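1. just need the structure, nothing else, for what follows:
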Amino acid sequence: MKTRPFTVPAEAPYFIVRWKTKDDMPLIYVTDISDGDMDSMAGDGAPVGESAVYKTGTFYVEVNVTGKWEIQVELE
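-> Numbers count the residues shown, from 1 in each chain. So this is what the prediction gives:
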């Protein structure tokens, strides 16, 4: 499943993606729409976590989990 695209403006130095799921092995990716670059964010068995992405542009988060999940994106 994918989130709606969101834009990180040039004046934001980075953004944080936070996730929460009941899955034992979540796979969570952030993809830059402009170049298709994918940054693997989780997959180490952490059902709760966060990761900072030091890039601007337009992105979406792809979530590959079983069960319920929650994603939050926060601009810094």
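2. now for the nearest residue to Pro13 once chain neighbours are set aside: which residues touch it?
-> Closest residue in space to Pro13, ignoring its immediate chain neighbours: Glu76 at 6.0 Å, by CB to CB, 6 or more residues apart in numbering. Yep, even glycine has a C-beta here, placed from its N, CA and C like the rest. Under the criterion of CB atoms under 8 Å, 6 or more residues apart in numbering, the contact partners of Glu76 comprise 12-16, 52.
3. where along the protein do the strands fall?
-> For the chain, the strands defined by DSSP state E cover 6-8, 15-21, 27-32, 38-40, 48-53, 57-64, 69-75.
4. helices and strands around the last one, which ones?
-> The reference is to strand 69-75. Applying 3 or more CB pairs under 8 Å, 6 or more residues apart in numbering; DSSP states H and E, one finds that strand 69-75 makes contact with strand 15-21, strand 57-64.
5. and of the ones you listed, who's closest to Asp35?
-> Across the helices and strands packed on strand 69-75, the minimum distance to Asp35, taken as CB to CB, is reached by strand 57-64, at 8.3 Å.
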